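>>> starting from these lines, generate the structure:
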Amino acid sequence: MREQTVSTVGIEALGAYCGVASITVRDVFQGRGLNETRYDNLMMRQRSVQMPWEDPVTNAVNAAGPVLDRLSPAERDSIGLLITSTESGLDYSKSIASYVHKYLGLSRHCRTLEVKQACYGATGALQLATGYLASGQDPGTRALIIATDVNPMDERAKYAEPTTGHGAVAVLVGDQPDILAMDRGAYGVYAFEVLDTARPTPDFDLYNADLSLLSYLECLDEAFKAYARRVGPEVSFVDSFDYLAMHTPFAGMVRGAHRKMMRQFTKYSLKEIGVDFARRVAPSLVYMQDMGNLCSGSLYLALAGVAAADSQASAQRARVGLFSYGSGCCSEFYSGVLGSAAHARSIEMDIPGALKRRRPLSFAEYERLVPMSRDTLVPRQKQRVDFSEWDRTIAFTGASRPPLLVLEGVEDYHRVYEWR
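Okay, the predicted model is just below:
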């Protein structure tokens, strides 16, 4: 593999919002009467659950707020591009980025827009933003990309329901890439039209699990091959990357994808493949196993897991191979090098603490919540969110957390938020 040119542009900081409530995956299996012999294949423990006052806007602001709080006023004003990535848009015209821009208090000289390509959207936004910043057209400018989603899946989604997550990941991009410096020009893209998943209405998902799995595996294979053609013939799936982080619908799917690629590109035994998985891939899954699928945010939560896993990795400038897949579909394999401060920045995020602060829900509570939370996604002229039954869930998160933005209601289709 020829030596990569490490860009001076990349990910400076990450922030995650994990929600305030959770349920065990086992409880969803038992409550829905799903076949428990399939439970272990998911490699999941818990998942975050949407509350009625949470939506893509609140998730985005709550993920990005702590990141911006660590910036100086001048650094905050340097954010000249805000992109929200979501498949949970709230309006056909008005982007959720406009709400996010307001409640984050960003400069009025900041470009704002929303992108959509299922679980690939944030990666597409990241590549566009890094290209713009690397052009030198606007020196010192930063970009803020926020992958934010809710998942309204219920029993109609069958085995997809236990894997769905809820929350957001904020990605600050600039010329001080403490988390990940992008390998300049090192990427491979693969896309084609397929209806493996879709959301034809705000409160309903279509999900073809078998087709989605096959599309994911085809895209991983072809995107990696495209990466290798672009970077050079010496690229090795094993030797070129110290860590791998992949889009994670559920951890078991990543394990299967890794095994498929190792069988295809190496002569490793099953035992050797298992050792490689534990060393290079498992660190990326540690948060996902308790959070669930965050759509386009899942890859960047996986990257946060890699950064947190080994305090020596960032000091040794470890290279990470990243794979992004979005149903519909578009995919990309790219790479970067962990920044020297990646581990320290990951500790600042305190994702383990946020996961522990969530209030555990019983299946009966979860079943009542799903239609209530889904209802807030449907456009209405007027609506009020009832906090009374679930207010203790916010209190459960503890006084140590930062203030949370919550949805108060809707007035003439205009969504109204408040801090709690």
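
>>> where in the protein is pLDDT low?
By pLDDT under 70, the low-scoring segments of the chain are 1-6, 313-315, 392, 394-400.

>>> report the central residue of it.
The centre of the chain sits closest to residue 297, judged by C-alpha atoms, centre = their mean, with a distance of 1.1 Å.

>>> does it touch residue 149 like I think?
Yes - with contact defined as C-beta atoms under 8 Å, residue 297 counts as touching residue 149 (6.8 Å). Where C-beta positions appear, they are placed from N, C-alpha and C, glycine not excepted.

>>> find residues that contact each of these two.
Common neighbours of residue 297 and residue 149, counting by C-beta atoms under 8 Å, 6 or more residues apart in numbering, are 167, 168.

>>> so residue 277: helix, strand or coil?
Following DSSP: H, G, I helix; E, B strand; the rest coil, residue 277 is assigned to helix.

>>> quick check: closest non-adjacent residue to it.
Leaving aside its chain neighbours, residue 277 sits nearest to residue 258 (5.3 Å; criterion: C-beta to C-beta, 6 or more residues apart in numbering).

>>> surely that neighbour is in contact with residue 275?
No - applying C-beta under 8 Å, one finds residue 258 not in contact with residue 275, separated by 11.7 Å.

>>> neighbour count winner among those two?
Legend: neighbour count by other C-beta atoms under 10 Å for residue 258 and residue 275, higher for residue 258 (21 against 12).

>>> what about the more buried one, distance to residue 209?
To residue 209, residue 258 is 19 Å away according to C-beta to C-beta, to the nearest Å.

>>> with residue 198 instead?
Noted for residue 198: a distance of 13 Å to residue 209, by C-beta to C-beta.

>>> repeat for residue 27
As for residue 27, its distance to residue 209 is 21 Å (criterion: C-beta to C-beta).

>>> residue 189 belongs to a strand, doesn't it?
Yes - using three-state DSSP, the assignment for residue 189 is a strand.

>>> give me the nearest residue to it, chain neighbours excluded.
residue 332 (5.0 Å).

>>> who are the packing partners of the helix or strand where the one you found lies?
Following DSSP states H and E, one finds residue 332 within strand 330-338. Contacts defined by 3 or more C-beta pairs under 8 Å, 6 or more residues apart in numbering; DSSP states H and E place strand 330-338 against strand 6-17, helix 121-134, strand 180-191, helix 209-231, strand 319-326.

>>> let me have those in JSON lines, extended by mean neighbour count.
Below are the helices and strands packed on strand 330-338 laid out as JSON lines (neighbours: other C-beta atoms under 10 Å):
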{"stretch": "strand 6-17", "mean neighbour count": "24"}
{"stretch": "helix 121-134", "mean neighbour count": "22"}
{"stretch": "strand 180-191", "mean neighbour count": "21"}
{"stretch": "helix 209-231", "mean neighbour count": "18"}
{"stretch": "strand 319-326", "mean neighbour count": "26"}
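
>>> how about these, which one is nearest residue 160?
Shortest separation from residue 160 across the helices and strands packed on strand 330-338 is recorded for helix 209-231, at 6.2 Å, computed as C-beta to C-beta.

>>> and the contacts of the closest one?
Contacts with helix 209-231, where a contact means C-beta under 8 Å, 6+ apart, come from 1-2, 4, 158-160, 183, 185-190, 194-197, 235, 237, 246-247, 249, 253, 256-257, 260-261, 264, 323, 325, 327, 329, 331-335.

>>> returning to what we had before: the residue nearest to the centre of the chain belongs to a strand?
No - applying three-state DSSP, one finds residue 297 to be helix, outside a strand.

>>> for it, give its distance to residue 70.
Here residue 297 is placed at a distance of 20 Å from residue 70 (C-beta to C-beta).

>>> same check, this time on residue 40
Here the criterion is C-beta to C-beta. By it, residue 40 lies 39 Å from residue 70.

>>> of the two, who's got more company?
residue 70 (13 against 9).

>>> wouldn't that one be in contact with residue 348 here?
Yes - under the criterion of C-beta under 8 Å, residue 70 makes contact with residue 348 at 7.3 Å.

>>> check which residues of the helix or strand following the strand holding residue 332 are buried.
The helix or strand immediately downstream of strand 330-338 is helix 342-349, counting by DSSP H and E. For helix 342-349, burial by neighbour count (16 or more other C-beta atoms under 10 Å) applies to 342, 343, 345, 346, 349.

>>> over to stretch 325-345?
Residues 325-339, 341-343, 345 are the ones in stretch 325-345 that count as buried (16+ other C-beta under 10 Å).
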